[in-house]
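Trainee: Mind looking at a prediction? Sequence and model below.
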2 protein chains.
Amino acid sequence: MSMEGIGAGCLDGVRVLDLTQFEAGPSCTEALAWLGAEVVKVENPKGGDPGRHAFAMPEGNDSWYFLLFNASKKSVTVNLKEPAGVELVKQMAGAADVMIENFAPGAIERLGLGYDVIKAVNPSLIYAQVKGFGEGSPYENNLAFDMIAQACGGLMSITGEPDQPPVKPGTTVGDTGTGMLLAISILGALYRRKSTNQGERLQLAMQDAMLHYIRVAFASQAATGIAAPRAGAKLLSGTNPPCGIYPCKPGGPNDYVYIYTSRANPLHWQRLLELIGREDLIGNDDYATGAVRAEREDEIDEMIAQWTRQYDKHEAMRLIGGAGIPAGAVLDTQELQDDPDFERRGIMQTMPHPSNGDFKMPGWPVRHDGAPPKLAPAPLLGEHAEDVLGRWLELRPDAVAKLRDDGVI
Amino acid sequence: MSMEGIGAGCLDGVRVLDLTQFEAGPSCTEALAWLGAEVVKVENPKGGDPGRHAFAMPEGNDSWYFLLFNASKKSVTVNLKEPAGVELVKQMAGAADVMIENFAPGAIERLGLGYDVIKAVNPSLIYAQVKGFGEGSPYENNLAFDMIAQACGGLMSITGEPDQPPVKPGTTVGDTGTGMLLAISILGALYRRKSTNQGERLQLAMQDAMLHYIRVAFASQAATGIAAPRAGAKLLSGTNPPCGIYPCKPGGPNDYVYIYTSRANPLHWQRLLELIGREDLIGNDDYATGAVRAEREDEIDEMIAQWTRQYDKHEAMRLIGGAGIPAGAVLDTQELQDDPDFERRGIMQTMPHPSNGDFKMPGWPVRHDGAPPKLAPAPLLGEHAEDVLGRWLELRPDAVAKLRDDGVI
């Protein structure tokens, strides 16, 4: 498969040896692939990355989950239970710029591929690791997945209705959010290494990464001295009414429009009053500031809802947003998937996958000089052994064939 | 103020001209600052970044919110309503490697600092922009904040209880999640530029960025053909029971432990049965697979809850996690803030702020060769005018004083 034209090309020539699975690691390396790095997944010959079989999947094919997190990468199978397989990975580490893994705690060391070993092979390698909990934490040996990070990292405590149990944010920020922070540190390390040839070890714990994403809750905690609360659809940092979701026609589970009137811009409230035909309240001291409106929040919410109930959420967003008030329809995944706007702008792209067929999915959303990088298919298991081992290790096809016959790859 | 020792130093020598405010932009530039870049905030002399006054704040001081998102940066005030102020920013752009802004749509162009203008000044500059909606989107002129991005980007539709209205995830991933993706593209562009001196324009819309964080929901949508649902504390991608939060002593609003038994590892379920004293069910076909357990999920949840109710959430996490089952206590911001483990490991650090005093906050959570970068205080408004204008533009102190007298800075 050609990898031409798949990325913005920023990282052309960067080689990433990718021993990650599921999402936290793969989301990180996929971002690097989208920017042009050559990312080579090292996978177990018996099934590969378990993400290939995760969740509901088309019969006999890779899961959609796998395709989403492994676009634009290559795949080489290596049997890490064979000493020759471990040796092969060491040789690949010698030819790589970055190596990354997110196995369970202690596993990479037990495989004989820990940092000390790899550093001796390639001192200028950037060696990156994701774990659930930080080294030195009381939980450093514990397993974690997205939802565990979200529980222990504070996100669940601030998500849900105030008088009800916590809920899990639907976003998998515990995984992908972690992956993005590690990608930033890898890129920083690559930038320095380009001048200095300096290798380094990077470590990120999913629980630790979560604190980065709830800093507004820490601001609330600092201001009030008590744990940040759950606030439903409103803001845990306190509300400047109106702020929240308002019901729209025809009343389905996601037929709401979010309306926010910023404390920093009193015009939002005034514009909203004009839009809903309540100019009579402009200048009325009982409604003039967020502080006084907070005392009559239920009344104000009902006043807004009476207006929004006349429109569907798209019309409501168009009217309110068009009037210069921050507003957004609550869109579901089907509406997002079907909206041609994302495809037209290159935010959603279609992956032509050899076994799964065409799959429209979100790519890297940053435009580089006008367009997001173009995505390429996720690799079939072991698809790139000859290509990668040939170029990275100068192994001839017959040598690769022997590795295959010997059960090493 | 000395900036020595504030970061991992990966980006030493990189100059970032930062015209951002609130969170999406500032979270991006703060990550760059933590990795060693010199980030200079350009702020309105009358109050600066509105984030300085956002939410609850200590009387007369900068808000905690501002401190959290602006650590390790510098500040120069510039009056952009004065032609001489606009000219000064152009000169600074000529001396910078990266320029970034997140004003309302069209504002930077109206100021005379749009990409075409700046590119003519410095063709090798990386010029980065955050907006609410993408260029070419029907909503490209609309305003957005974190909660609007979360509504329009699909996150709210998948967060909350199934039979109730959507809730907003407490994480401000609409802002910080956007900032992280832009930081990755900026770093990719910097990496290429180091060889090529190639400037480029980067654009990211908050709505578009959100799709990146809900890809598991798109996998669900692809598998089922219907919009991904809300699933409370469980997983929208379908459940392999037991999975979810279980109540602990003493029954407070966050006294729960998350327990997950992975489909990919049947041992989790077996270990859990051993832990709770139900070895009798090991090997029982009615409980052996996720699929059959899904038919008796309520029964299984109650069986687990009977056990978890005997413990507080910390004990429960210790016992379950220690037995090799993914588990996490639902921790609130106060518990996280007060836990000495984060401080000991450098994940939380204390900012010695000249007016606000000591403030313990999360820093950059990635360890570089064993330790996260050290954070430095957020800047006072205009604190670094002499320093930055002296070094970047070779302005002598008397020239800076004249700019100040003339109301330019």
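Mentor: Nice, thanks for sending it over. Residues are numbered from 1 along each chain as shown, chains lettered A, B, ... in the order given.
Trainee: Every contact and neighbour count from this point should use C-alpha atoms.
Mentor: Fine.
Trainee: I figured A:Phe145 hits A:Thr176, correct?
Mentor: No: counting by Cα atoms under 8 Å, A:Phe145 stays clear of A:Thr176, with 11.1 Å between them.
Trainee: quick one, domains of chain A?
Mentor: If you go by automatic domain parsing, the domain ranges for chain A are A:15-212+A:339-405, A:243-247+A:256-329.
Trainee: so which of those comes closest to chain B?
Mentor: Chain B lies closest, by Cα to the nearest Cα, to one member of those: domain A:15-212+A:339-405, at 4.2 Å.
Trainee: Any idea how far apart the tips of that closest one sit?
Mentor: For domain A:15-212+A:339-405, the first-to-last residue distance is 27 Å (Cα to Cα, to the nearest Å).
Trainee: related to what we said a few turns ago, what's the most buried one of the domains of chain A?
Mentor: domain A:15-212+A:339-405 (a mean of 22; mean count of other Cα atoms under 10 Å in any protein chain shown).
Trainee: Run the chain-centre distance for that domain.
Mentor: Centroid displacement of domain A:15-212+A:339-405 relative to its chain, using Cα atoms, centre = their mean, to the nearest Å, is 12 Å.
Trainee: Point out the residues in the stretch 251-400 of chain A that sit beside chain B.
Mentor: A:253-254, A:257-260, A:264, A:318, A:321-322, A:324-337, A:341-342, A:345, A:347, A:361-370 (Cα under 8 Å from any Cα of the partner chain).
Trainee: if you average pLDDT over stretch A:268-278, what comes out?
Mentor: The average pLDDT for stretch A:268-278 rounds to 96.
Trainee: can you check stretch A:140-149 too?
Mentor: pLDDT averaged over stretch A:140-149 gives 96.
Trainee: Does chain B have contacts with that stretch?
Mentor: Yes: contact of stretch A:140-149 with chain B (Cα under 8 Å from any Cα) involves A:Asn141, A:Asn142, A:Leu143, A:Ala144, A:Phe145, A:Met147, A:Ile148, A:Ala149.
Trainee: Do me a favour and get the end-to-end distance for that stretch?
Mentor: Span of stretch A:140-149 from end to end, Cα to Cα: 13 Å.
Trainee: continuing past the helix-or-strand element of chain A with minimal mean pLDDT, what's the next helix or strand?
Mentor: Ranked by mean pLDDT, DSSP states H and E, the weakest helix or strand in chain A is helix A:290-294, scoring a mean of 90. Under the assignment DSSP states H and E, the closest C-terminal helix or strand after helix A:290-294 is helix A:297-308.
Trainee: what's that following helix in contact with?
Mentor: Helix A:297-308 has contacts (Cα atoms under 8 Å, 6 or more residues apart in numbering or on different chains) with A:Pro241, A:Pro242, A:Tyr246, A:Pro247, A:Cys248, A:Val257, A:Ile276, A:Arg293, A:Ala316.
Trainee: Sitting in strands, which of those residues do you find?
Mentor: A:Tyr246, A:Pro247, A:Val257 (DSSP state E).
Trainee: A:Ala401 looks like it's in a helix, true?
Mentor: Yes: counting by DSSP: H, G, I helix; E, B strand; the rest coil, A:Ala401 is located in a helix.
Trainee: and the residue most central in space within chain A, helix, strand or coil?
Mentor: Compute the mean C-alpha point of chain A, and by Cα atoms, centre = their mean the closest residue is A:Thr176, 3.0 Å away. At A:Thr176, secondary structure determined by three-state DSSP is helix.
Trainee: What sits closest to it if chain neighbours are left out?
Mentor: Using Cα to Cα, 6 or more residues apart in numbering or on different chains and skipping residues adjacent in sequence, the residue nearest A:Thr176 is A:Ala24, 5.2 Å away.
Trainee: My read is that the one you found contacts A:Asp175, right?
Mentor: Yes: if you go by Cα under 8 Å, A:Ala24 and A:Asp175 touch, sitting 4.1 Å apart.
Trainee: got the end-to-end distance for stretch A:49-68?
Mentor: This stretch, stretch A:49-68, spans 13 Å end to end (Cα to Cα).
Trainee: and what of stretch A:150-165?
Mentor: 14 Å.
Trainee: do it and chain B meet?
Mentor: Yes: judged by Cα under 8 Å from any Cα, stretch A:150-165 comes into contact with chain B through A:151-161, A:163-165.
Trainee: Doesn't A:Cys10 lie inside a helix?
Mentor: No: using three-state DSSP, the assignment for A:Cys10 is coil, not a helix.
Trainee: how close does it sit to B:Val16?
Mentor: 19 Å.
Trainee: One more: A:Leu143?
Mentor: To B:Val16, A:Leu143 is 38 Å away according to Cα to Cα.
Trainee: what are the ranges of the strands in the stretch 151-300 of chain A?
Mentor: For the stretch 151-300 of chain A, the strands defined by DSSP state E, counting those that start in this stretch occupy A:200-205, A:243-247, A:256-260.
Trainee: typo on my end, it should be the stretch 1-150 of chain A
Mentor: So, for the stretch 1-150 of chain A - with DSSP E, counting those that start in this stretch - the strands run A:15-19, A:38-43, A:74-77, A:98-101, A:126-131.
Trainee: need those strands in CSV with mean pLDDT and distance to A:Ala217, can you?
Mentor: As requested, those are exported to CSV (pLDDT from 0 to 100; distance: least, Cα to Cα, whole Å):
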stretch, mean pLDDT, distance to A:Ala217
strand A:15-19, 98, 34
strand A:38-43, 98, 36
strand A:74-77, 98, 40
strand A:98-101, 98, 31
strand A:126-131, 98, 24
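Trainee: and for stretch A:257-276, what are the contacting residues?
Mentor: The contact list for stretch A:257-276 (Cα under 8 Å, 6+ apart) reads A:240-248, A:279, A:281-282, A:289-290, A:304, A:307-308, A:313, A:316-317, A:320, A:323-330, B:50, B:54, B:147-148, B:151.
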